[in-house]
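Asks: Structural data only, the sequence is not supplied:
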Ligand SMILES: [Zn+2]
């Protein structure tokens with residue numbers, strides 16, 4: 001069954017069929033690096049991470065390009081405030097972005113072009129548009145003429161009358177006078193009079209490229225004039241992606257991307273999370289309180305096109321103390337690791353050649369693939385994962401006891417399923433005990449409990465049981481339960497966790 005994704009252009013879920021069979025060429029708008037990435041950036045990167053992982057798992061070759069916007073007015077403005085060179089600031093936040101995406105277990109794109117290294121392609125594309133009559137120079141700026149591109153508005157499904165107002169996010173009165181049509185947008189911005197802004201040379205004088213043209217130049221430079229899938233947030237549909245289509249298609253005469261896949265926002269009280277609204281959390285603030293993988297699980301728990309609502313808790317001083325939904329997601333991730341640990345703990349002598357092979361174990365690959373083929377339905381993929389994990393745990397349970405035996409084929413299927421979960425959803429790739437220990441330590445610290453003290457009490461209970469002083473052993477267990485400590489008695493000893 002072919003993959004089907006929601007295409008904004010056709011406003012429908014349609015089959016995904018790469019122009020070159022078996023090879024998907026994908027471009028995703030990356031971050032503008034002027035600050036630490038917030039968790040909305042992480043949701044964006046994660047959506048396409050799972051898309052690319054899934055296509056590869058289905059045997060497709062994927063060329064995944066995600067850019068770094070390191071030339072932008074926000075970067076130039078922030079650098080000026082701090083008395084720092086724009087490129088120094090941009091590189092620092094690019095590094096921070098990479099660090100956070102690594103912690104989240106995101107695949108690196110195959111190509112990650114920086115705007116600052118593609119001025120030549122940008123200038124050439126602008127020149128082509130001028131030569132074709134689709135762009136014009138005006139007082140040191142160059143604008144795209146929306147009237148020269150009849151398809152303008154086809155992605156955002158807007159009528160030309162809608163475009164008269166507020167078409168450009170950066171429209172000011174002065175700029176308005178330089179444009180022929182209010183919806184025309186800047187391809188090249190000349191240096192403002194008297195300003196000492198950072199500029200690059202061009203045939204129209206020093207200046208800097210507009211944001212939209214950057215993506216058009218980089219995507220087509222690496223993927224060709226027409227590629228298979230373009231991604232980004234819903235907020236980019238208009239004007240950014242509409243303008244990318246206009247520029248690229250006016251220059252090449254070809255369809256820029258066969259399919260446009262957009263993801264929803266992270267919302268807070270039904271408002272988009274954004275710095276300007278003050279309801280903004282960086283990825284690293286979140287990672288201070290929960291495992292990065294918990295954020296991954298949380299983001300996968302809602303369909304990628306739906307808004308993801310976020311709650312948090314504050315202390316009396318107004319400091320963020322937690323993210324209840326992400327903490328809940330962390331318990332689900334913990335279940336993946338404890339399942340893996342239990343599976344790995346099945347002793348060889350318990351594994352036999354015959355025996356029951358539960359279908360949910362052998363069927364997991366198909367179930368996961370089917371969920372993601374269906375417009376990347378990640379919540380269904382997680383539901384299938386939960387079902388699979390339940391059977392992994394039942395298998396581990398059956399291996400215990402005096403006569404416990406499990407089928408080799410079932411153990412193999414469980415192992416392969418967990419590996420697949422790691423490859424496709426990027427979950428459970430850490431070392432299980434390391435993950436479980438980190439989570440437990442953080443929870444203990446938050447509850448003000450000493451891990452050494454808990455272990456000492458467990459040792460006391462073990463000694464009491466050894467001496468057949470069961471009343472004492474039960475009393476210690478009761479104390480620990482009251483502290484919120486859960487004990488698990490295994491053949492290898494007593495383990496503990498903080499749920
Ligand atoms: Zn872009």
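Replies: Yes, it's here. Everything numeric in this text was worked out from a predicted model, so none of it was measured. Numbers count the residues shown, from 1 in each chain.

Asks: what's in contact with stretch 21-30?
Replies: Contacts with stretch 21-30, where a contact means CB atoms under 8 Å, 6 or more residues apart in numbering, come from 16, 18-19, 44-45, 48, 51-52, 55, 59-69, 109, 112, 215, 218-219, 222-224, 227-233, 236, 240, 257. (Glycine included, C-beta is placed from N, CA and C.)

Asks: which bits of the stretch 151-300 of the chain sit near the ion?
Replies: Among all residues of the stretch 151-300 of the chain, those adjacent to the ion (criterion: CB under 5 Å from the ion) are residue 215.

Asks: Show me the helices in the stretch 151-300 of the chain, by range?
Replies: For the stretch 151-300 of the chain, the helices defined by DSSP state H, counting those that start in this stretch occupy 173-178, 211-223, 242-252, 283-289, 292-300.

Asks: Off-centre distance for the last one?
Replies: Between the mean C-alpha point of helix 292-300 and the mean C-alpha point of its chain there is a distance of 9 Å (CA atoms, centre = their mean, to the nearest Å).

Asks: Summarise which helices and strands it is packed against.
Replies: helix 39-57, helix 283-289, helix 324-344, helix 378-398 (3 or more CB pairs under 8 Å, 6 or more residues apart in numbering; DSSP states H and E).

Asks: What lies in contact with the helix or strand just after the third one?
Replies: To tie it back to what came earlier, the one meant is helix 324-344. Per DSSP states H and E, the first helix or strand lying C-terminal to helix 324-344 is strand 351-352. Contact partners of strand 351-352, identified using CB under 8 Å, 6+ apart, comprise 399, 405, 406, 407, 408, 411.

Asks: Pull the contacting residues for the second one.
Replies: This points to residue 405. 350, 351, 352, 355, 398, 399.

Asks: that older thread, so which of the helices of the stretch 151-300 of the chain comes closest to residue 79?
Replies: Checking the helices of the stretch 151-300 of the chain against residue 79 by CB to CB gives helix 211-223 as the closest, at 16.6 Å.

Asks: could the helices of the stretch 151-300 of the chain be laid out in JSON lines, adding mean neighbour count?
Replies: Below are the helices of the stretch 151-300 of the chain laid out as JSON lines (neighbours: other CB atoms under 10 Å):
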{"stretch": "helix 173-178", "mean neighbour count": "12"}
{"stretch": "helix 211-223", "mean neighbour count": "25"}
{"stretch": "helix 242-252", "mean neighbour count": "25"}
{"stretch": "helix 283-289", "mean neighbour count": "18"}
{"stretch": "helix 292-300", "mean neighbour count": "25"}
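
Asks: right, and those helices - which one's nearest residue 482?
Replies: With CB to CB as the measure, helix 283-289 is the member of the helices of the stretch 151-300 of the chain nearest residue 482 (25.0 Å).

Asks: same for the closest one, what does it pack against?
Replies: Other helices and strands packing on helix 283-289, by 3+ CB pairs under 8 Å, 6+ apart, are helix 39-57, helix 86-103, helix 292-300, strand 320-322, helix 324-344.

Asks: which of those is buried the deepest?
Replies: helix 292-300 (a mean of 25; mean count of other CB atoms under 10 Å).

Asks: immediately after that one, which helix or strand?
Replies: Note on helix 292-300: by DSSP H and E, the next helix or strand toward the C-terminus is strand 308-309.

Asks: Who are the packing partners of that next one?
Replies: When contacts are defined as 3+ CB pairs under 8 Å, 6+ apart, strand 308-309 packs onto strand 266-268.

Asks: Give me the buried stretch members for stretch 432-443, please.
Replies: 432, 435, 436, 439, 440, 442, 443 (16 or more other CB atoms under 10 Å).

Asks: Next: stretch 112-120.
Replies: Across stretch 112-120, burial judged by 16+ other CB under 10 Å covers 113, 114, 115, 116, 118, 119.

Asks: what sits against the one residue in the stretch 301-450 of the chain that gets nearest to the ion?
Replies: Using CB to the ion, the closest approach of the stretch 301-450 of the chain to the ion is made by residue 304 at 17.8 Å. Under the criterion of CB under 8 Å, 6+ apart, the neighbours of residue 304 are 47, 263, 264, 376, 378.

Asks: Repeat the analysis, applying 10 Å as the threshold.
Replies: For residue 304, the contact set (CB atoms under 10 Å, 6 or more residues apart in numbering) comprises 5-6, 43-44, 46-48, 50-51, 231, 261-264, 375-379.

Asks: count of residues packed around the closest residue to residue 135 other than its chain neighbours?
Replies: In space, residue 135 comes closest to residue 129 once its chain neighbours are excluded; the distance is 3.8 Å by CB to CB, 6 or more residues apart in numbering. By other CB atoms under 10 Å, 26 other residues sit near residue 129.

Asks: can you tell me the helix or strand for residue 129?
Replies: helix 119-131.

Asks: buried sites along that helix?
Replies: In helix 119-131, counting by 16+ other CB under 10 Å, buried: 119, 121, 122, 123, 125, 126, 127, 129, 130.

Asks: could the residues you listed be laid out in a markdown table, adding distance to residue 457?
Replies: A markdown table is the format used below for the buried residues of helix 119-131 (distance: CB to CB, whole Å):
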| residue | distance to residue 457 |
| --- | --- |
| 119 | 65 |
| 121 | 66 |
| 122 | 66 |
| 123 | 70 |
| 125 | 69 |
| 126 | 71 |
| 127 | 75 |
| 129 | 73 |
| 130 | 77 |
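
Asks: ok, and what's touching the least confident helix or strand in the chain by mean pLDDT?
Replies: Lowest mean confidence among the helices and strands of the chain (mean pLDDT, DSSP states H and E): strand 271-272, at a mean of 72. For strand 271-272, contacts defined as CB under 10 Å, 6+ apart pick out 40, 233, 234, 235, 264, 265, 266, 277, 279, 307.

Asks: Now do the contacts for the fifth one.
Replies: By that I understand residue 264. By CB under 10 Å, 6+ apart, residue 264 lies in contact with 40, 43-44, 47, 233-235, 272, 302-308.

Asks: Now with 8 Å, please.
Replies: 233, 234, 302, 303, 304, 305, 306, 307, 308.

Asks: Put the buried members of the contacts of strand 351-352 into a ChimeraX selection.
Replies: Selection of buried members from the contacts of strand 351-352 for ChimeraX, criterion 16+ other CB under 10 Å:
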select :399,406,407,411
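
Asks: would you turn the contacts of strand 351-352 into a markdown table with distance to residue 463 and secondary structure?
Replies: A markdown table is the format used below for the contacts of strand 351-352 (distance: CB to CB, whole Å; DSSP: H, G, I helix; E, B strand; the rest coil):
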| residue | distance to residue 463 | secondary structure |
| --- | --- | --- |
| 399 | 28 | coil |
| 405 | 33 | coil |
| 406 | 33 | strand |
| 407 | 38 | strand |
| 408 | 38 | helix |
| 411 | 35 | helix |
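
Asks: Brilliant, that's me finished.
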